[in-house]
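Trainee: Fold the stuff below for me.
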Amino acid sequence: MGARAVIGTVVVVVVLAGGAVVADGIARDRTEDRLAADLPEQIRGLDAPPDVTIGGWPFLTQVLAGELDQVDIAAEEAVLEGLTLQDVEVRLTGVSTDQPTTARTAELTAVAPVDRLGEVIDLPVTLTARDGSLVAEGDVLGIPLEIVLLPTAAGREIAIEVQEISAGGGSFDLSGIPGLEGAFDGLAVPVDQLPEGLELTDVRVEGDTVVLEAAGEDVTFETQAASG
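Mentor: Reported below is the predicted structural model:
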């Protein structure tokens, strides 16, 4: 084969390979757009299409195999059980291309502003953050009351434990105080709207927000109509 023929063959191979890369990229982009449009129907509380990024290369071979290596989802806001979450980021691996969509593993991080958490707790106090804890402040019979609370991960709910109660410079028991007796017993914020298989693994106070982390295996994303 002459030099001209060799060069021609190389050019053809490069063009075909380049065309395959372009086609792969186009298919990936279109799938990301479709997933972004479909996710608000599969994740309750997600009202707007999120940003979706599909990892791994080539993309088309993943589709043929029926499973995407990695899918990253980012949303500015989502609402679970009335609790507003911001900066929501989800990483899925082993994502099925069939319906319902499933993922072998899932990890989620999000933040909830403390004032929004105070709205869903529905207590007769003002909720703020201080030194990694929540502080509930209010007046009882004209006396300023301060209750230090610690939020923790408890499966599919945020458990809130009383750490300290003080008023007038001293600590005391809430029992016997009208309107507050037992008000903090079993206090929790449910997050049952998380996709099936996903549970909270960490809840902590950072600045004026509560950071939530969740993880799970064999997570299922079903349409809201199908899940009732």
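Trainee: would you list every one of the helices in this protein?
Mentor: With DSSP state H as the criterion, the chain has helices at 3-42, 59-65, 114-121, 224-227.
Trainee: and these, which one's lowest on average pLDDT?
Mentor: Least confidently modelled of the helices of the chain is helix 224-227, at a mean of 47 by mean pLDDT.
Trainee: Please report how far residue 107 lies from residue 60.
Mentor: 26 Å (Cβ to Cβ, to the nearest Å). For the C-beta atoms, the positions are set from N, CA and C on the backbone; glycine is no exception.
Trainee: Looking at those two, which is more packed in?
Mentor: residue 107 (17 against 14; other Cβ atoms under 10 Å).
Trainee: distance between the ends of stretch 97-106?
Mentor: 16 Å (Cα to Cα, to the nearest Å).
Trainee: How about that stretch, which residues are buried there?
Mentor: Within stretch 97-106, the residues that count as buried by 16 or more other Cβ atoms under 10 Å are 101, 102, 103, 105, 106.
Trainee: possible to save these as a markdown table with pLDDT?
Mentor: Output for the buried residues of stretch 97-106, formatted as a markdown table (pLDDT from 0 to 100):
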| residue | pLDDT |
| --- | --- |
| 101 | 85 |
| 102 | 91 |
| 103 | 94 |
| 105 | 97 |
| 106 | 96 |
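Trainee: Output these in JSON lines, with distance to residue 219 appended to each entry.
Mentor: Formatted as JSON lines, these follow (distance: Cβ to Cβ, whole Å):
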{"residue": "101", "distance to residue 219": "9"}
{"residue": "102", "distance to residue 219": "7"}
{"residue": "103", "distance to residue 219": "5"}
{"residue": "105", "distance to residue 219": "8"}
{"residue": "106", "distance to residue 219": "4"}
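Trainee: Okay, and which of these map to strands?
Mentor: By the criterion of DSSP state E, membership of those in strands covers 101, 102, 103, 105, 106.
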